[in-house]
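[1] need coordinates for the following:
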Amino acid sequence: MRLWVCIALLSTLLCASADRPRIVQGIARAGRFAWDAAGGARDMFRAYKDMREANYKGADKYFHARGNYDAARRGPGGAWAARVISDARENWQSGVSGRGAEDTRLDQEANRWGRSGGNPNRYRPKGLPSKY
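    Predicted coordinates:
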């Protein structure tokens, strides 16, 4: 039994240091994408939590842009998670909140701005505490 454990560990070590087959590279890329997506979802949730905590009038666009910006900086998985979460949120809110199509359009603009790497401070309102 110990021999097989040693062989398995040695094989793993050799595979880690050698050129990886394409299937292993694909699995590694998929794992990285999933890891980035989970981190992006956490970034989006953190921005939402901060927006609720700040409860500052006119700051929602800033938090939309900041959440998308932070998520997209993680990589393709984070950008994907930010897009999915933002689109789902806006589709749900547009039918529920009653703020109208114009507010939804402006929210989506802030979302795209953040995801494309734009500085979220473009939407930061004057007087928002520096904590955010």
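
[2] helices or strands up against the helix or strand containing residue 61?
    Per DSSP states H and E, residue 61 falls inside helix 60-72. Where contact means 3 or more Cβ pairs under 8 Å, 6 or more residues apart in numbering; DSSP states H and E, helix 60-72 is packed against helix 22-54, helix 76-96, helix 101-115. (Each C-beta comes from the backbone N, C-alpha and C, glycine too.)

[3] quick one, it and helix 101-115 angle?
    Computed with axes from the mean of the first three to the mean of the last three Cα atoms, to 10 degrees, the direction of helix 60-72 lies at 30 degrees from that of helix 101-115.

[4] just the C-alphas of helix 60-72, formatted as PDB.
    Presented in PDB, the C-alpha positions along helix 60-72 are these (Å, rounded to 0.1, in the frame of the first residue of the first chain):
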ATOM      1  CA  ASP A  60     -25.900  53.500  -5.800                       C
ATOM      2  CA  LYS A  61     -24.200  54.100  -9.200                       C
ATOM      3  CA  TYR A  62     -20.800  54.300  -7.400                       C
ATOM      4  CA  PHE A  63     -21.300  51.000  -5.700                       C
ATOM      5  CA  HIS A  64     -22.500  49.400  -8.900                       C
ATOM      6  CA  ALA A  65     -19.300  50.600 -10.600                       C
ATOM      7  CA  ARG A  66     -17.100  49.600  -7.700                       C
ATOM      8  CA  GLY A  67     -18.500  46.100  -7.400                       C
ATOM      9  CA  ASN A  68     -18.100  45.400 -11.100                       C
ATOM     10  CA  TYR A  69     -14.600  47.000 -11.200                       C
ATOM     11  CA  ASP A  70     -13.400  44.900  -8.300                       C
ATOM     12  CA  ALA A  71     -14.900  41.700  -9.700                       C
ATOM     13  CA  ALA A  72     -13.500  42.300 -13.300                       C
END
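
[5] mind checking pLDDT for the residue nearest the centre of the chain?
    In the chain, the residue lying closest to the centroid (Cα atoms, centre = their mean) is residue 40, at 2.1 Å. Looking at residue 40, its pLDDT stands at 98.

[6] do the one 4 residues further on as well
    With respect to pLDDT, residue 44 has a value of 98.

[7] ditto for residue 13
    On the pLDDT scale, residue 13 is placed at 57.
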